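1. Return a 3D structure for these sequence lines:
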Amino acid sequence: VNNLHNPPASAYDRSFDRRTLDKRFDTPCRPPPVGSRYVSQVRGRSMPYAFRFPGRLAAPFAGAIVVLCAAAGCETETPPPNLPTVKPAAAATSPSGEQLRDRIDRVVRMTADRVLDKNVNNAWQVVHGIIPFGPDLQMRVDGKNVSALRYLFDGNTMNGWVLFPGQKGLDAQLVPGSSSAQGHPDQWIGYFACCGMKLDEPIVVDVKGERRTYTFRDMLVEAQWKLFEGMEATWTVMALAPYVGQFMQIDDRWTARDGTVWTLEKLVGMEADAGIEGAACGGAHRLYALASALAAHRKAGGTADVGGWAKAEDLLDRSLERAFEYQQPDGGFSNDRFFRSSITPDIDARIDSTGHVLEVVAYAMDDEMLSDPHMERAVNFLCKKLEEAKAIPLGCGGLYHGVHGLMIYRERRWGKPPATPTVAE
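-> The predicted structure follows:
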């Protein structure tokens, strides 16, 4: 387990048990219980959500940093004893629109101030930080703050970061279930796509002592080539969908190395058929990927009423409805996400579950629902928990996915925030 770089004891909020600071995470994403469903009382009116494509996300925030990330990601750990009990409010109140907007901006800047360290953290954690912050994510290397993305793409080494030439392009080492290296097929490129990576972004790779330069496009080409029936293709969809109209067209056909002919619709249908039971992080990433693909399809003038598109929209709509059906009275989403109502006193787990679900709903919900009280309460809850956990080590998965969700919500409702200059030494 990686060590944590903790702040001085005086920095901690005394309302939290010190044992929370000693938690270590060394497990991959675990799915919620599969089987029977426990239908909770619906909080407020029924909320059927129909998908509409959102605007694009940008990540302008940056800052100087000190790392407080635990070693693994989408954790659903059993809470340690003697933690403060979460007491859901009967009706959590939300600040006004502008106050909520400003609160989001403060929380995003606060999260950018958490520092990753090349000697402490690993590639899995860094790539998660790149999701919301892109090239502005800072990392401590040899006593200086540098762009974490540029450090990786400039051919430098880091625990878990292994790229190599593929048969058609550029590939990354896959270590199934890993929380230091790439743990799922195409996970790296899926997350790079979330931050709007340029297709011609150069990537330097050491090949037997020779430095070769590839581009992000080369990684997408290799991903298409490696596809096969029945694979976990969540991050492949996540990677390809944002580049419809640039890297590929919505109705393009391509042949994988096993001779199978693919289209984006076929790929989306395969993912929708797989469902979210047993999927990574409770299915949140699969739903986000499908939402991204549906956005590209609609932008290209398509309708989601046939084939793989219809399957994806049906799964997404049902999951969004369940997310709000199981929303807790304090505004946070269920610890079991899209499956049943549950709550935990573990603040890291609450951030993890609400952060993952918020990332999906903030991206996929209708524009008119952005100001709905249910959504405002979820955003306000996540902001509050991140403020409370400012000095506490958190799992990087829930932390960065949650902040990504806040940034999507902020941009869709109020537009992009003013850019914050990068602080580097």
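2. from here on, contacts and neighbour counts on C-alpha atoms
-> Noted.
3. And the helices in the stretch 301-425 of the chain, which stretches?
-> For the stretch 301-425 of the chain, the helices defined by DSSP state H, counting those that start in this stretch occupy 307-325, 347-364, 373-388, 396-414.
4. so which of these gets nearest residue 165?
-> Taking C-alpha to C-alpha, helix 396-414 is the member of these nearest to residue 165, at 27.8 Å.
5. Would you mark the buried spots in that closest one?
-> 396-413 (16 or more other C-alpha atoms under 10 Å).
6. Following element in sequence after the helix or strand of the chain with the lowest mean pLDDT, please.
-> Every helix and strand in the chain was compared by mean pLDDT, DSSP states H and E; the lowest is strand 69-70, with a mean of 47. Heading C-terminal from strand 69-70, the first helix or strand you meet, by DSSP states H and E, is helix 97-112.
7. re earlier: out of the helices of the stretch 301-425 of the chain, indicate the one that is most buried.
-> helix 347-364 (a mean of 27; mean count of other C-alpha atoms under 10 Å).
8. What is it packed up against?
-> Under the contact criterion of 3 or more C-alpha pairs under 8 Å, 6 or more residues apart in numbering; DSSP states H and E, helix 347-364 touches helix 284-299, helix 373-388, strand 394-395, helix 396-414.
9. switch the cut-off to 6 Å
-> In terms of contacts (3 or more C-alpha pairs under 6 Å, 6 or more residues apart in numbering; DSSP states H and E), helix 347-364 is packed against helix 396-414.
10. The helix it packs on packs against which elements?
-> Here helix 396-414 touches helix 123-133, helix 347-364, going by 3+ C-alpha pairs under 6 Å, 6+ apart.
11. If we use 7 Å, what do you get?
-> Packed against helix 396-414 by the contact rule (3 or more C-alpha pairs under 7 Å, 6 or more residues apart in numbering; DSSP states H and E) you find helix 97-112, helix 123-133, helix 347-364.
12. For that helix, C-alpha coordinates in PDB please.
-> Only the C-alpha atoms of helix 396-414 are listed here, as PDB (Å, rounded to 0.1, in the frame of the first residue of the first chain):
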ATOM      1  CA  CYS A 396      -8.600   9.500  -5.600                       C
ATOM      2  CA  GLY A 397     -11.400   7.800  -7.500                       C
ATOM      3  CA  GLY A 398     -14.400   9.300  -5.800                       C
ATOM      4  CA  LEU A 399     -12.600  12.600  -5.200                       C
ATOM      5  CA  TYR A 400     -11.800  13.300  -8.800                       C
ATOM      6  CA  HIS A 401     -14.900  11.800 -10.300                       C
ATOM      7  CA  GLY A 402     -17.000  13.900  -7.900                       C
ATOM      8  CA  VAL A 403     -15.200  17.100  -8.800                       C
ATOM      9  CA  HIS A 404     -15.500  16.300 -12.400                       C
ATOM     10  CA  GLY A 405     -19.300  16.000 -11.900                       C
ATOM     11  CA  LEU A 406     -19.300  19.400 -10.100                       C
ATOM     12  CA  MET A 407     -17.500  21.000 -13.000                       C
ATOM     13  CA  ILE A 408     -19.900  19.500 -15.600                       C
ATOM     14  CA  TYR A 409     -22.800  20.800 -13.500                       C
ATOM     15  CA  ARG A 410     -21.300  24.200 -13.100                       C
ATOM     16  CA  GLU A 411     -20.500  24.700 -16.800                       C
ATOM     17  CA  ARG A 412     -23.900  23.400 -18.000                       C
ATOM     18  CA  ARG A 413     -25.900  25.700 -15.700                       C
ATOM     19  CA  TRP A 414     -23.700  28.800 -15.500                       C
END
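13. between that helix and helix 123-133, how many degrees?
-> Orientation of helix 396-414 against helix 123-133 (axes from the mean of the first three to the mean of the last three C-alpha atoms, to 10 degrees) gives an angle of 10 degrees.
14. got the angle for helix 396-414 vs helix 97-112?
-> On the basis of the same axes, to 10 degrees, helix 396-414 is oriented at 150 degrees to helix 97-112.
15. burial of residue 150, as a residue count?
-> Here the number of neighbours of residue 150 (other C-alpha atoms under 10 Å) works out to 18.
16. Equivalent analysis for the one 10 residues further on, please.
-> A total of 21 residues lie near residue 160 under the criterion other C-alpha under 10 Å.
17. same question, residue 140
-> Residues lying near residue 140 (other C-alpha under 10 Å) number 23.
18. Going forward, the N-terminal residue is numbered 23.
-> In the new count, where the first residue is 23, that last one comes out as residue 162.
19. Three-state assignment for it, please.
-> Under DSSP: H, G, I helix; E, B strand; the rest coil, residue 162 falls in the strand class.
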